[in-house]
Structures are given as structure tokens and as C-alpha cells.
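S.K.: the following block contains a protein sequence and its predicted model.
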Amino acid sequence: MRNILFLLILLFTFSTSFSQSYTFKTVIDLETTDVISQGNTGTCWSFSTSSFLESEIMRMTGKNIDISEMFQVRHTYPKKAWNYVMRQGKAQFSEGGLAHDVMNSIKDYGLVPQSVYSGLDMDANGHNHAEMVAVLKGMLDVYIDNPGRSLSPKWQAVVNGTLDTYLGKAISKFSYEGVEYTPKSFQAMTKINPDNYVSITSFTHQPFYSNFILNLPDNFSNGSFHNVKLDELMGTINNALENGFTVELDCDVSEKTFSAKHGIAVIPENDDTAAEAIISVRPEKKITPEYRQQEFENYATTDDHLMHITGMLKDQNGTIYYKVKNSWGNDENRVANAGYIYMSEAFMRLKTISVMVHKDALTKDLKKKLNL
């Protein structure tokens, strides 16, 4: 009888510990810039990577600089257009991209502050690229169809003219805090070197510690990723945060249990508890490499959204969560946690497509395995 009573108490304690409202304790909280909104655009790849680089600039120089997201967008669209035209329309032309597209743009064109290139019309208070993208794609399709029976040499000039109209002409010289810069000299001042950053992923369809092109719709530039074991991917995130490095994140946000409104992202053990899991603690699934691969191959995990990991928390049961900076603004009527998502370890293990970190954020052992 005593044993039965003890077992009932134990079961009650276990069940109630997973039905409480979330309570979080901050473990790591690294410096970053304010949460802003990407507006009505699909440019999370530039907003998140720019936020990541702003934290890197703080880490390396101590300077708080708001860098222009649209400068990189402006220089990436011609590359997207070239890919689309040269593949004769048999490729995706959309607003999406990946973190390495920002790095490629910086390598070619440098960096500028937001104050000198906003990508906004004078009277606009937010970004909306729907019309611009429709116009661009419509023109490209006309050139691809070859009404003149050959591809006109004017198409690239027309693309650039359209981008200039909607986003503004790319600048070559500007003044910032009383100093004259070019985009490349400004980049040098920030100490951002694109060659110092690596993209890490974890999938079983490619050999571990190999470098391969991840087949994603938005990977128009055929960027390559270092493939590591799942525990090593998570270890990379943890090691980075513990040593003062923030992390760029590409992940899936299509789950019902990813909620910007509640500021929570979890993977409940029981799918039927999705509604409860975003407001109260529930047991979560154990995520194995095999399950992760299965969800990727059946399209349950897709390349949806890029964000910026800036810290770590624990809930009342000691479960690890990651503090993830979003780019959907900080309106408290629409988002919780001032625009941050608290993402559980299970969600991160399952739904992460890739991360980008500074090479110095990797462990010595992983650097050796990757020949970095």
C-alpha cells in the first residue's frame, strides 16, 4: 500500500511539473542590436545575417552599428536574376536567400550603415517588395521567352534600373560619424571578413565532415555546408554562446508549436498537445539523427526562415532553450518576449537547417575534423 501511494505521488509530481506556465531563467544573454521588422518582404536572410554581423562588430570592435540590410539585398538580386535567366527560367526567382548570400555580397561590395542606404522611399515607413519582385520576374520571363529570338544584352541594365527605382542606387562613397568611407573601407573598419565564417549542418544523406551543396529552393547560389553529427551541431551552438559568439540560424518555423505570439517554439511528445505546449510546459520528443533526416526528406522540415541566436535560458524543469532574435518587429500586441523566440533544445535539434558561426567559435576538435 505504501509503495502504491509513493508511486501515485511520484506520477502526480511528474505530471504537474509538465503542466505549468513557462518560467525562464537567463543563462547567457549576448549583446545585440534592437529587434526590427523585415516588413512585407522575404528578406529574413539579410535581416538576420545583418543582426548577426552587428553583434560580431560589437564583439570585435565595441561599436554599435546599424548596418544596411537592403544594401546586400540590392546587390544580391542581380545574381538571382543571372541564375534565373541562365537557367532559362528553370530555377526559383523569389525573395528568399541564405546567410552566405550576404557574405558573398559583402565580399564583392562591402558594407554600409543603415543611415546611408535604407532601401526605402522617403515617405515609406516599412519595406514591401511584392510589386518589385513581380515586376522583375515578369521582365525576366519576357527576356527568357526571347521575343526577338535572342537574349537582349539590355536585360541586366533593365534589372539594375528597376532595382535602383525601388531600392535606390547603390552608393560608392559616404560619410559616417565625420569620416569618409567607401563600402569596402567601411567593411574594413568593422573588421568583418566573410572568409572567417562557416556554415554548419547535419544530415545523414552525406558523409560527416564533408563539404556539400545543400539542396534547398533558396540556395540559388549553390552555397556549401560543412556536415557534422547532430550532437556536434548542437555543441557548436552551445560552444559559441558560452564563449561570447552569437549564431546565425536557418530553420523551419511551419510547426503549430512555433509561436511568435507566445514567444515559444517546442516539439511536444504528443502532437495532440500542440495548443497546450505553447502556453505550458509539456514533455518533448527525443530527437534522433534518423528522425531529423526523416522529417527533412518528407518536407516536414523545410527552409522557412532565418533568425539570430543570441542567448540561452532554462525553464523551471532545467530544460535548455535558446534565445532567438526574430525580424517580425517587437509590437507587444503581435509578438511576445519583445520579438524574441524561446526555442527548446528539441526544436533546435529537429528544425535547424543550418547555422553560421565565426571559425573561432568552433571547438579545436571540430576544426580539425573539418580541416579548418
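M.R.: Arrived safely.
S.K.: let me see the mean pLDDT of stretch 316-333.
M.R.: Confidence for stretch 316-333, expressed as mean pLDDT, is 95.
S.K.: please read the previous query as pertaining to stretch 98-115.
M.R.: Mean predicted confidence for stretch 98-115 is 98.
S.K.: got it, and stretch 20-40?
M.R.: Averaging pLDDT along stretch 20-40 yields 96.
S.K.: of all the residues in that stretch, which ones are buried?
M.R.: The neighbour-count check on stretch 20-40 (16 or more other CB atoms under 10 Å) flags Y22, I28, L30, T32, T33, V35, I36, S37, Q38, G39 as buried. C-beta coordinates here come from the backbone N, C-alpha and C atoms, glycine included.
S.K.: mind listing what the second one touches?
M.R.: The one in question is I28. Neighbouring residues of I28 by CB atoms under 8 Å, 6 or more residues apart in numbering: L241, E242, G311, M312, K323.
S.K.: ok, back up a step: turn the buried residues of stretch 20-40 into a markdown table, including secondary structure and distance to F47.
M.R.: Listed next are the buried residues of stretch 20-40 as a markdown table, based on DSSP: H, G, I helix; E, B strand; the rest coil; distance: CB to CB, whole Å:
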| residue | secondary structure | distance to F47 |
| --- | --- | --- |
| Y22 | coil | 26 |
| I28 | strand | 22 |
| L30 | coil | 18 |
| T32 | coil | 12 |
| T33 | coil | 11 |
| V35 | coil | 10 |
| I36 | coil | 7 |
| S37 | strand | 8 |
| Q38 | coil | 5 |
| G39 | coil | 9 |
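S.K.: S48: which of those residues is nearest?
M.R.: Q38 (8.8 Å; CB to CB).
S.K.: how far away is that closest one from N104?
M.R.: Separation of Q38 from N104 (CB to CB, to the nearest Å): 20 Å.
S.K.: what does T33 give?
M.R.: When T33 is compared with N104 (using CB to CB), they lie 22 Å apart.
S.K.: L241 now?
M.R.: The span separating L241 from N104 equals 26 Å under the rule CB to CB.
S.K.: who has more neighbours, the two?
M.R.: Between L241 and N104, L241 has the larger neighbour count (other CB atoms under 10 Å), namely 23 against 19.
S.K.: and for the closest residue to M60 other than its chain neighbours, the neighbour number?
M.R.: Excluding the flanking residues, the one nearest M60 by CB to CB, 6 or more residues apart in numbering is K191, at 4.5 Å. Look at K191: counted by other CB under 10 Å, it has 13 neighbours.
S.K.: excluding chain neighbours, what is closest to L216?
M.R.: Closest residue to L216 apart from its sequence neighbours, by CB to CB, 6+ apart: D303 at 4.4 Å.
S.K.: now swap in I341 and tell me
M.R.: I341's closest residue in space is V324 (CB to CB, 6+ apart), at 4.4 Å.
S.K.: tell me the SS of the one you found?
M.R.: Secondary structure, DSSP: H, G, I helix; E, B strand; the rest coil: V324 is strand.
S.K.: grab the most central residue of this protein for me.
M.R.: Geometric centre of the chain, nearest residue: L306, 2.1 Å, by CA atoms, centre = their mean.
S.K.: export the helix or strand hosting that one as CSV, just CAs?
M.R.: Using DSSP states H and E, L306 sits in strand 305-314. What follows is strand 305-314, C-alpha atoms only, in CSV (Å, rounded to 0.1, in the frame of the first residue of the first chain):
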residue,chain,number,x,y,z
HIS,A,305,13.1,31.4,-42.0
LEU,A,306,16.5,32.8,-40.8
MET,A,307,17.0,34.2,-37.3
HIS,A,308,19.7,35.1,-34.9
ILE,A,309,20.6,33.1,-31.7
THR,A,310,21.8,35.5,-29.0
GLY,A,311,21.5,33.6,-25.7
MET,A,312,20.4,30.6,-23.7
LEU,A,313,17.7,30.1,-21.0
LYS,A,314,16.4,27.3,-18.8
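S.K.: what lines up beside it in the sheet?
M.R.: Each strand paired with strand 305-314, and its direction, by DSSP bridges: strand 25-29 (antiparallel), strand 247-251 (antiparallel), strand 320-325 (antiparallel).
S.K.: ok, now how distant is I213 from N227?
M.R.: 11 Å.
S.K.: okay, these two: which has more neighbours?
M.R.: Higher neighbour count among I213 and N227: N227, with 23 against 12, using other CB under 10 Å.
S.K.: relative to N211, how far out is the more buried one?
M.R.: The value you get for N227 to N211, if CB to CB is used, is 7 Å.
S.K.: how about F220?
M.R.: 19 Å.
S.K.: and those two? Which one has more around it.
M.R.: Higher neighbour count among F220 and N211: F220, with 22 against 14, using other CB under 10 Å.
S.K.: and the residue nearest to that one when sequence neighbours are not counted, what element?
M.R.: Spatial nearest neighbour of F220, excluding adjacent residues (CB to CB, 6+ apart): N83 at 4.9 Å. In the assignment (DSSP H and E), N83 maps to helix 69-86.
S.K.: that helix - contacts with which helices or strands?
M.R.: Judged by 3 or more CB pairs under 8 Å, 6 or more residues apart in numbering; DSSP states H and E, the packing partners of helix 69-86 are helix 44-61, helix 99-109, helix 130-145, helix 155-167.
S.K.: now do the buried residues in it.
M.R.: Neighbour-count burial for helix 69-86 [16+ other CB under 10 Å]: 69-77, 79-81, 84-85.
S.K.: now those as TSV including pLDDT and distance to K63?
M.R.: Below are the buried residues of helix 69-86 laid out as TSV (pLDDT from 0 to 100; distance: CB to CB, whole Å):
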residue	pLDDT	distance to K63
E69	98	18
M70	98	21
F71	98	18
Q72	98	19
V73	98	23
R74	98	23
H75	98	23
T76	98	25
Y77	98	29
K79	97	29
K80	97	31
A81	97	34
Y84	96	37
V85	94	39
